[in-house]
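Undergrad: with the input below, show me the fold.
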Amino acid sequence: MSRVRGQVVDAVPAVAVLVVCGYAAQEAGPATWWQWVLVCAVAAPVAVRGRWPAAAAVLTAAGSGAVLAAGVIPPYAAPGLCAAVALTQYRVAAGSAPSRSVPALAAGLGAGAALGLLWPAAPLVAMPAVAVPWLVGWLVRHRRRAAERAAGEQTARAVTDERLRIARDMHDTVAHSLSMIAMKASVARHVAAVRPEESLRALEVIETAGREALVEMRRAVGLLRAEHEPATPSGSDDDLRTLAHRAEEAGVRVQMTLGGEVTPPDGVRLVVYRVVQEALTNVVRHARAAGCAVSVEAGAESVTVRVVDDGAATVPGEDGHGLRGMRERVAAYGGSLRAGPRTGAGFAVTARIPYRRTGREARP
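TA: Numbers count the residues shown, from 1 in each chain. Model prediction:
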(Lines give C-alpha, C1' and ligand atoms only; values in the text may rest on other atoms or scores of the structure.)
Protein backbone atom coordinates (compact mmCIF):
# COMPACT_ATOMS: atom_id res chain seq x y z
CA MET A 1 0.00 0.00 0.00
CA SER A 2 2.81 2.46 0.86
CA ARG A 3 4.47 1.74 -2.48
CA VAL A 4 1.24 2.50 -4.38
CA ARG A 5 0.82 5.70 -2.36
CA GLY A 6 4.37 6.75 -3.28
CA GLN A 7 3.69 6.15 -6.97
CA VAL A 8 0.54 8.27 -6.79
CA VAL A 9 2.44 11.08 -5.08
CA ASP A 10 5.08 10.96 -7.84
CA ALA A 11 2.44 10.91 -10.57
CA VAL A 12 0.53 14.01 -9.43
CA PRO A 13 3.32 16.52 -10.27
CA ALA A 14 3.87 14.73 -13.58
CA VAL A 15 0.23 15.25 -14.54
CA ALA A 16 0.44 18.90 -13.50
CA VAL A 17 3.53 19.43 -15.70
CA LEU A 18 1.81 17.69 -18.59
CA VAL A 19 -1.29 19.91 -18.28
CA VAL A 20 0.66 23.16 -17.97
CA CYS A 21 3.02 22.43 -20.85
CA GLY A 22 0.25 20.98 -23.03
CA TYR A 23 -1.90 24.05 -22.48
CA ALA A 24 1.02 26.34 -23.34
CA ALA A 25 1.74 24.33 -26.50
CA GLN A 26 -1.90 24.65 -27.63
CA GLU A 27 -1.97 28.44 -27.35
CA ALA A 28 0.02 28.92 -30.56
CA GLY A 29 -2.28 26.52 -32.39
CA PRO A 30 -3.09 22.82 -32.28
CA ALA A 31 0.02 20.92 -31.16
CA THR A 32 1.33 18.29 -33.51
CA TRP A 33 2.03 14.75 -32.45
CA TRP A 34 5.80 15.27 -32.16
CA GLN A 35 5.22 18.31 -29.96
CA TRP A 36 3.10 16.16 -27.65
CA VAL A 37 5.89 13.58 -27.67
CA LEU A 38 8.34 16.22 -26.45
CA VAL A 39 5.92 17.43 -23.76
CA CYS A 40 5.42 13.85 -22.59
CA ALA A 41 9.19 13.36 -22.59
CA VAL A 42 9.38 16.11 -19.97
CA ALA A 43 6.44 14.96 -17.82
CA ALA A 44 6.83 11.18 -17.91
CA PRO A 45 10.21 11.02 -16.11
CA VAL A 46 8.74 13.07 -13.24
CA ALA A 47 6.28 10.22 -12.59
CA VAL A 48 9.08 7.64 -12.20
CA ARG A 49 11.62 9.78 -10.36
CA GLY A 50 11.17 7.69 -7.23
CA ARG A 51 12.09 4.44 -8.97
CA TRP A 52 14.78 5.68 -11.38
CA PRO A 53 15.90 9.06 -10.00
CA ALA A 54 19.11 9.47 -12.01
CA ALA A 55 17.53 8.58 -15.35
CA ALA A 56 14.50 10.77 -14.57
CA ALA A 57 16.71 13.78 -13.80
CA VAL A 58 18.74 13.43 -17.01
CA LEU A 59 15.72 12.86 -19.25
CA THR A 60 13.72 15.73 -17.73
CA ALA A 61 16.62 18.14 -18.15
CA ALA A 62 17.20 17.04 -21.76
CA GLY A 63 13.50 17.10 -22.59
CA SER A 64 13.02 20.57 -21.11
CA GLY A 65 15.88 21.93 -23.20
CA ALA A 66 14.48 20.29 -26.33
CA VAL A 67 10.96 21.68 -25.72
CA LEU A 68 12.23 25.24 -25.35
CA ALA A 69 14.73 24.94 -28.21
CA ALA A 70 12.06 23.61 -30.59
CA GLY A 71 9.64 26.38 -29.64
CA VAL A 72 6.96 23.92 -28.53
CA ILE A 73 6.03 26.20 -25.64
CA PRO A 74 6.73 29.91 -25.22
CA PRO A 75 9.42 31.04 -22.76
CA TYR A 76 6.84 32.39 -20.30
CA ALA A 77 5.74 28.78 -19.67
CA ALA A 78 9.27 27.82 -18.62
CA PRO A 79 8.37 27.76 -14.86
CA GLY A 80 6.49 24.54 -15.50
CA LEU A 81 9.63 23.03 -16.94
CA CYS A 82 11.71 24.42 -14.06
CA ALA A 83 9.36 22.71 -11.59
CA ALA A 84 9.83 19.37 -13.35
CA VAL A 85 13.62 19.76 -13.37
CA ALA A 86 13.65 20.83 -9.70
CA LEU A 87 11.59 17.81 -8.62
CA THR A 88 13.83 15.31 -10.37
CA GLN A 89 17.09 16.98 -9.30
CA TYR A 90 16.00 17.01 -5.66
CA ARG A 91 14.99 13.37 -5.76
CA VAL A 92 18.22 12.15 -7.36
CA ALA A 93 20.39 14.11 -4.89
CA ALA A 94 18.36 13.01 -1.86
CA GLY A 95 18.08 9.35 -2.81
CA SER A 96 21.20 8.46 -4.80
CA ALA A 97 24.91 8.29 -4.21
CA PRO A 98 27.07 11.13 -5.61
CA SER A 99 28.27 8.80 -8.38
CA ARG A 100 24.73 8.97 -9.79
CA SER A 101 23.52 12.38 -8.66
CA VAL A 102 26.55 14.38 -9.87
CA PRO A 103 26.15 13.28 -13.55
CA ALA A 104 22.47 14.19 -13.32
CA LEU A 105 23.44 17.63 -12.00
CA ALA A 106 25.92 18.05 -14.81
CA ALA A 107 23.26 17.13 -17.38
CA GLY A 108 20.88 19.72 -15.96
CA LEU A 109 23.50 22.46 -15.86
CA GLY A 110 24.58 21.56 -19.40
CA ALA A 111 21.02 21.85 -20.68
CA GLY A 112 20.67 25.26 -19.02
CA ALA A 113 23.93 26.45 -20.52
CA ALA A 114 22.87 25.25 -23.98
CA LEU A 115 19.66 27.27 -23.75
CA GLY A 116 21.81 30.35 -23.31
CA LEU A 117 22.67 30.07 -27.01
CA LEU A 118 19.02 30.81 -27.83
CA TRP A 119 18.05 33.10 -24.94
CA PRO A 120 20.87 34.86 -23.11
CA ALA A 121 18.79 35.10 -19.93
CA ALA A 122 17.91 31.38 -19.90
CA PRO A 123 20.87 30.26 -17.75
CA LEU A 124 19.86 32.77 -15.05
CA VAL A 125 16.63 30.81 -14.63
CA ALA A 126 17.74 27.30 -15.54
CA MET A 127 20.90 27.13 -13.42
CA PRO A 128 19.21 27.90 -10.05
CA ALA A 129 16.33 25.58 -10.97
CA VAL A 130 18.86 22.77 -11.30
CA ALA A 131 21.49 23.58 -8.69
CA VAL A 132 19.36 24.70 -5.73
CA PRO A 133 17.07 21.62 -5.57
CA TRP A 134 20.09 19.36 -6.07
CA LEU A 135 21.93 21.07 -3.19
CA VAL A 136 18.87 20.80 -0.91
CA GLY A 137 18.51 17.12 -1.76
CA TRP A 138 22.21 16.50 -1.08
CA LEU A 139 21.92 18.17 2.34
CA VAL A 140 18.84 16.08 3.15
CA ARG A 141 20.68 12.90 2.18
CA HIS A 142 23.71 13.93 4.27
CA ARG A 143 21.56 14.61 7.34
CA ARG A 144 19.69 11.35 6.83
CA ARG A 145 22.95 9.39 6.69
CA ALA A 146 24.20 11.18 9.81
CA ALA A 147 20.96 10.32 11.63
CA GLU A 148 21.30 6.69 10.55
CA ARG A 149 24.88 6.55 11.82
CA ALA A 150 23.83 8.13 15.12
CA ALA A 151 20.99 5.62 15.44
CA GLY A 152 23.41 2.78 14.71
CA GLU A 153 25.83 4.03 17.36
CA GLN A 154 23.00 4.40 19.85
CA THR A 155 21.86 0.85 19.09
CA ALA A 156 25.42 -0.42 19.56
CA ARG A 157 25.65 1.37 22.92
CA ALA A 158 22.31 -0.08 23.96
CA VAL A 159 23.51 -3.57 23.04
CA THR A 160 26.70 -3.05 25.04
CA ASP A 161 24.76 -1.78 28.05
CA GLU A 162 22.41 -4.74 27.81
CA ARG A 163 25.31 -7.17 27.68
CA LEU A 164 26.83 -5.53 30.75
CA ARG A 165 23.50 -5.83 32.52
CA ILE A 166 23.29 -9.50 31.58
CA ALA A 167 26.83 -10.02 32.88
CA ARG A 168 25.91 -8.41 36.20
CA ASP A 169 22.75 -10.50 36.46
CA MET A 170 24.66 -13.69 35.73
CA HIS A 171 27.35 -12.76 38.24
CA ASP A 172 24.71 -12.10 40.91
CA THR A 173 22.95 -15.36 40.15
CA VAL A 174 26.04 -17.55 39.94
CA ALA A 175 27.78 -16.00 42.93
CA HIS A 176 24.73 -16.25 45.15
CA SER A 177 23.82 -19.80 44.19
CA LEU A 178 27.36 -21.16 44.20
CA SER A 179 27.94 -19.67 47.62
CA MET A 180 24.98 -21.64 48.94
CA ILE A 181 26.15 -24.77 47.14
CA ALA A 182 29.72 -24.48 48.44
CA MET A 183 28.56 -23.87 52.00
CA LYS A 184 26.17 -26.80 52.00
CA ALA A 185 28.67 -29.08 50.27
CA SER A 186 31.13 -28.33 53.06
CA VAL A 187 28.47 -29.12 55.67
CA ALA A 188 27.54 -32.37 53.91
CA ARG A 189 31.16 -33.46 53.77
CA HIS A 190 31.73 -32.87 57.48
CA VAL A 191 28.54 -34.53 58.77
CA ALA A 192 28.19 -37.34 56.22
CA ALA A 193 29.62 -39.97 58.58
CA VAL A 194 28.03 -38.92 61.86
CA ARG A 195 24.73 -37.33 60.76
CA PRO A 196 23.71 -38.70 57.38
CA GLU A 197 20.23 -37.13 57.61
CA GLU A 198 21.84 -33.66 57.85
CA SER A 199 23.98 -34.52 54.84
CA LEU A 200 20.88 -35.44 52.85
CA ARG A 201 19.22 -32.13 53.72
CA ALA A 202 22.33 -30.30 52.59
CA LEU A 203 22.29 -32.17 49.28
CA GLU A 204 18.65 -31.22 48.80
CA VAL A 205 19.55 -27.57 49.28
CA ILE A 206 22.40 -27.96 46.78
CA GLU A 207 20.05 -29.52 44.24
CA THR A 208 17.45 -26.77 44.68
CA ALA A 209 19.99 -23.95 44.47
CA GLY A 210 21.58 -25.48 41.38
CA ARG A 211 18.25 -25.83 39.60
CA GLU A 212 17.21 -22.27 40.43
CA ALA A 213 20.57 -20.95 39.25
CA LEU A 214 20.22 -22.77 35.94
CA VAL A 215 16.71 -21.40 35.42
CA GLU A 216 17.78 -17.82 36.10
CA MET A 217 20.88 -18.18 33.94
CA ARG A 218 18.75 -19.42 31.05
CA ARG A 219 16.54 -16.38 31.47
CA ALA A 220 19.54 -14.04 31.39
CA VAL A 221 21.13 -15.72 28.37
CA GLY A 222 17.73 -15.74 26.68
CA LEU A 223 18.07 -11.97 26.32
CA LEU A 224 20.64 -12.63 23.62
CA ARG A 225 18.25 -14.81 21.65
CA ALA A 226 14.69 -13.75 22.42
CA GLU A 227 12.96 -10.78 20.86
CA HIS A 228 11.29 -9.89 24.15
CA GLU A 229 12.92 -9.79 27.54
CA PRO A 230 12.15 -12.89 29.60
CA ALA A 231 10.87 -12.85 33.10
CA THR A 232 13.25 -11.74 35.85
CA PRO A 233 12.78 -11.45 39.62
CA SER A 234 10.32 -8.65 40.28
CA GLY A 235 11.91 -7.60 43.55
CA SER A 236 8.70 -8.23 45.48
CA ASP A 237 8.62 -8.95 49.20
CA ASP A 238 8.31 -12.66 48.45
CA ASP A 239 11.46 -12.53 46.31
CA LEU A 240 13.36 -10.84 49.14
CA ARG A 241 12.13 -13.42 51.65
CA THR A 242 13.31 -16.16 49.29
CA LEU A 243 16.81 -14.66 49.37
CA ALA A 244 16.71 -14.66 53.18
CA HIS A 245 15.56 -18.27 53.21
CA ARG A 246 18.44 -19.31 50.94
CA ALA A 247 20.96 -17.56 53.20
CA GLU A 248 19.50 -19.32 56.23
CA GLU A 249 19.83 -22.64 54.44
CA ALA A 250 23.50 -21.81 54.04
CA GLY A 251 23.84 -21.35 57.79
CA VAL A 252 23.33 -17.61 58.30
CA ARG A 253 20.44 -16.45 60.46
CA VAL A 254 18.60 -13.59 58.71
CA GLN A 255 16.28 -11.08 60.30
CA MET A 256 14.37 -9.27 57.57
CA THR A 257 12.28 -6.13 58.03
CA LEU A 258 10.19 -4.85 55.13
CA GLY A 259 8.45 -1.55 55.76
CA GLY A 260 6.93 1.43 54.03
CA GLU A 261 3.54 2.64 52.86
CA VAL A 262 4.23 2.65 49.11
CA THR A 263 5.52 0.23 46.50
CA PRO A 264 8.53 1.57 44.55
CA PRO A 265 8.60 1.37 40.74
CA ASP A 266 9.49 -1.98 39.20
CA GLY A 267 13.00 -0.95 38.19
CA VAL A 268 13.81 0.29 41.68
CA ARG A 269 12.45 -2.90 43.23
CA LEU A 270 14.74 -4.96 41.03
CA VAL A 271 17.72 -2.85 42.13
CA VAL A 272 16.74 -3.44 45.76
CA TYR A 273 16.57 -7.17 45.07
CA ARG A 274 20.03 -7.23 43.49
CA VAL A 275 21.57 -5.19 46.32
CA VAL A 276 20.12 -7.53 48.95
CA GLN A 277 21.15 -10.58 46.91
CA GLU A 278 24.75 -9.44 46.54
CA ALA A 279 25.02 -8.31 50.16
CA LEU A 280 23.75 -11.66 51.45
CA THR A 281 26.11 -13.46 49.07
CA ASN A 282 29.04 -11.56 50.56
CA VAL A 283 27.85 -12.39 54.06
CA VAL A 284 27.72 -16.10 53.24
CA ARG A 285 31.00 -16.19 51.35
CA HIS A 286 33.25 -13.81 53.25
CA ALA A 287 31.86 -12.59 56.55
CA ARG A 288 31.80 -15.85 58.53
CA ALA A 289 28.76 -14.39 60.26
CA ALA A 290 26.26 -16.13 62.48
CA GLY A 291 23.50 -13.71 61.59
CA CYS A 292 22.60 -10.55 59.74
CA ALA A 293 19.77 -8.04 59.57
CA VAL A 294 18.14 -6.87 56.34
CA SER A 295 16.00 -3.74 56.32
CA VAL A 296 14.09 -2.35 53.37
CA GLU A 297 12.16 0.87 54.01
CA ALA A 298 10.15 2.32 51.12
CA GLY A 299 9.38 6.00 51.62
CA ALA A 300 7.33 8.37 49.53
CA GLU A 301 10.26 9.40 47.33
CA SER A 302 13.05 6.88 48.01
CA VAL A 303 13.77 3.43 49.33
CA THR A 304 16.54 2.65 51.82
CA VAL A 305 18.21 -0.75 51.99
CA ARG A 306 20.49 -1.77 54.84
CA VAL A 307 22.21 -5.13 55.32
CA VAL A 308 24.26 -5.55 58.50
CA ASP A 309 26.10 -8.68 59.66
CA ASP A 310 27.97 -9.64 62.84
CA GLY A 311 30.87 -11.43 61.18
CA ALA A 312 34.32 -10.41 60.04
CA ALA A 313 34.59 -6.85 58.76
CA THR A 314 36.05 -7.92 55.42
CA VAL A 315 34.49 -8.25 52.00
CA PRO A 316 35.92 -8.15 48.48
CA GLY A 317 37.68 -4.88 47.69
CA GLU A 318 36.12 -1.91 45.98
CA ASP A 319 37.21 -3.31 42.61
CA GLY A 320 35.26 -6.52 43.09
CA HIS A 321 32.46 -7.19 40.65
CA GLY A 322 29.89 -7.49 43.42
CA LEU A 323 30.30 -4.08 45.05
CA ARG A 324 30.95 -2.39 41.72
CA GLY A 325 27.82 -3.95 40.28
CA MET A 326 25.77 -2.74 43.26
CA ARG A 327 27.15 0.78 42.92
CA GLU A 328 26.43 0.88 39.19
CA ARG A 329 22.86 -0.30 39.65
CA VAL A 330 22.16 2.20 42.41
CA ALA A 331 23.91 5.06 40.59
CA ALA A 332 21.83 4.39 37.48
CA TYR A 333 18.79 5.57 39.47
CA GLY A 334 20.59 8.54 41.00
CA GLY A 335 21.09 6.80 44.33
CA SER A 336 24.03 6.29 46.67
CA LEU A 337 25.60 3.24 48.31
CA ARG A 338 27.92 2.95 51.29
CA ALA A 339 29.70 -0.26 52.21
CA GLY A 340 32.24 -0.67 54.96
CA PRO A 341 33.16 -2.20 58.33
CA ARG A 342 31.09 -1.43 61.37
CA THR A 343 32.54 -0.20 64.62
CA GLY A 344 33.56 -3.26 66.59
CA ALA A 345 32.67 -6.10 64.28
CA GLY A 346 30.67 -6.82 61.20
CA PHE A 347 30.04 -5.12 57.90
CA ALA A 348 27.24 -2.84 56.71
CA VAL A 349 25.84 -2.07 53.28
CA THR A 350 23.47 0.88 53.01
CA ALA A 351 21.84 2.02 49.78
CA ARG A 352 19.34 4.78 49.07
CA ILE A 353 17.53 4.81 45.73
CA PRO A 354 15.32 7.82 44.95
CA TYR A 355 12.35 7.80 42.62
CA ARG A 356 9.76 10.26 41.50
CA ARG A 357 6.50 10.27 43.35
CA THR A 358 4.06 9.55 40.53
CA GLY A 359 1.32 8.21 42.74
CA ARG A 360 1.03 6.09 45.84
CA GLU A 361 0.20 2.45 45.83
CA ALA A 362 -0.52 0.43 48.92
CA ARG A 363 2.09 -2.09 49.81
CA PRO A 364 0.93 -5.70 49.24
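
Undergrad: switch to C-alpha atoms for all contacts and neighbour counts from now on
TA: Noted.

Undergrad: distance check, I353 against D238.
TA: I353 is 20 Å from D238, where distance means C-alpha to C-alpha, to the nearest Å.

Undergrad: and these two? which has more neighbours close in?
TA: Counted by other C-alpha atoms under 10 Å, I353 and D238 do not tie: I353 has more neighbours, with 24 against 11.

Undergrad: just checking, that one is part of a helix?
TA: No: using DSSP: H, G, I helix; E, B strand; the rest coil, the assignment for I353 is strand, not a helix.

Undergrad: contacting residues for the nearest residue to it once chain neighbours are set aside?
TA: In this structure, I353 finds its nearest non-sequential neighbour in G335, 4.3 Å apart by C-alpha to C-alpha, 6 or more residues apart in numbering. If you count contacts by C-alpha atoms under 8 Å, 6 or more residues apart in numbering, G335 has them with 351-354.

Undergrad: dump the residues you listed to JSON lines, plus pLDDT.
TA: Shown next, in JSON lines, are the contacts of G335 (pLDDT from 0 to 100):
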{"residue": "A351", "pLDDT": "93"}
{"residue": "R352", "pLDDT": "92"}
{"residue": "I353", "pLDDT": "91"}
{"residue": "P354", "pLDDT": "89"}
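
Undergrad: so where do the helices sit in the stretch 51-200 of the chain?
TA: Using DSSP state H, counting those that start in this stretch, the helices found in the stretch 51-200 of the chain span residues 53-69, 78-95, 98-115, 122-191, 196-222.

Undergrad: now V20. Its backbone dihedrals?
TA: When read as degrees, to the nearest 10, the backbone of V20 gives phi -60, psi -50.

Undergrad: and it, how far from Y90?
TA: Between V20 and Y90 the computed distance is 21 Å (C-alpha to C-alpha).

Undergrad: what about these two, which has more around it?
TA: A count of neighbours by other C-alpha under 10 Å puts Y90 above the other of V20 and Y90, at 25 against 17.

Undergrad: show me the contacts for that one.
TA: Contacts of Y90 by C-alpha under 8 Å, 6+ apart are 133-138.

Undergrad: ok, and the most crowded of the residues you listed?
TA: Of the contacts of Y90, with other C-alpha under 10 Å as the count, W134 tops at 27 neighbours.

Undergrad: verify the stated contact: it with L105.
TA: Yes: under the criterion of C-alpha atoms under 8 Å, W134 makes contact with L105 at 7.0 Å.

Undergrad: are we agreed that T257 is in a helix?
TA: No: secondary structure of T257 (three-state DSSP): strand, not part of a helix.

Undergrad: in the sheet, who's paired with it?
TA: S295 (DSSP bridges).

Undergrad: likewise L337?
TA: Per DSSP bridges, the residues bridged to L337 are A351.

Undergrad: neighbours of it, just the number please.
TA: 20.

Undergrad: let me see the contact set for it.
TA: L337 makes contact with 326-327, 330, 349-352 under the criterion C-alpha under 8 Å, 6+ apart.

Undergrad: name the nearest of those relative to V15.
TA: Each of the contacts of L337 was checked against V15 using C-alpha to C-alpha; the closest is V330, at 62.4 Å.

Undergrad: hmm, A351 and that closest one touching each other?
TA: Yes: counting by C-alpha under 8 Å, V330 touches A351, with 7.4 Å between them.

Undergrad: which neighbours do these two have in common?
TA: Common neighbours of V330 and A351 (C-alpha under 8 Å, 6+ apart) are 336-337.

Undergrad: ok, back up a step: and of the helices of the stretch 51-200 of the chain, who's closest to V12?
TA: Comparison of the helices of the stretch 51-200 of the chain against V12 by C-alpha to C-alpha identifies helix 78-95 as nearest, at 11.4 Å.
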